[in-house]
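>>> Okay, sequence plus prediction incoming.
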Amino acid sequence: FLTSIKKAPWMSIVREILGKDVVLIHKGIFLSLPGSARQDYHQDGVHLTTQYQKPCHAINVFVPLVDLTPKLGPTEFCLGSHILDN
């Protein structure tokens, strides 16, 4: 399912949010081994412009390959972090 955008099970949700003409612009993997340093808070993408806030144009789909527990340090989302200048 990672080789074809048509086979990805989450694409119906992505299309509902962004529209039927959605395209895949990036896919990747992050590997965090036991004992890895903690990641700082960060945005996964840049704004299309720094002049004004544009509407949503991208979605990051997170597919963990292990059970997420507090001990493993699961991904956190910060309310408002998508807003320009936050």
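Now that the structure is in, tell me what you want to look at. Residues are numbered from 1 along each chain as shown.
>>> What residues does the residue nearest the centre of the chain make contact with?
Central residue of the chain (Cα atoms, centre = their mean): Asn60, 2.1 Å from the mean position. Counting by Cβ atoms under 8 Å, 6 or more residues apart in numbering, Asn60 makes contact with 44-45. C-beta: built from backbone N, CA, C; applies to glycine.
>>> Distance check, it against His82.
To His82, Asn60 is 10 Å away according to Cβ to Cβ, to the nearest Å.
>>> Next: Pro74.
Pro74 is 19 Å from His82, by Cβ to Cβ.
>>> quick one: which of the two has more around it?
Applying other Cβ atoms under 10 Å to Pro74 and His82 shows that His82 carries more neighbours, namely 15 against 12.
>>> Run a quick neighbour tally on the closest residue to that one other than its chain neighbours.
Spatial nearest neighbour of His82, chain neighbours left out: Gln43 (7.4 Å); criterion: Cβ to Cβ, 6 or more residues apart in numbering. As a burial measure, Gln43 scores 11 neighbours (other Cβ under 10 Å).
>>> State the helix or strand in which Gln43 lies.
If you go by DSSP states H and E, Gln43 is not part of any helix or strand.
>>> show me what contacts Val14?
By Cβ under 8 Å, 6+ apart, Val14 lies in contact with 22, 59, 61.
>>> And those, which is closest to His47?
Nearest to His47, judged by Cβ to Cβ, of those is Ile59 at 14.8 Å.
>>> Need the three-state assignment for the closest residue to the closest one other than its chain neighbours.
Distances taken as Cβ to Cβ, 6+ apart put Val14 closest to Ile59, at 5.5 Å, once the chain neighbours are dropped. Recorded secondary structure, Val14: helix (DSSP: H, G, I helix; E, B strand; the rest coil).
>>> Angles on the backbone of His26, please.
Dihedral angles of His26 (phi, psi; degrees, to the nearest 10) stand at phi -160, psi 140.
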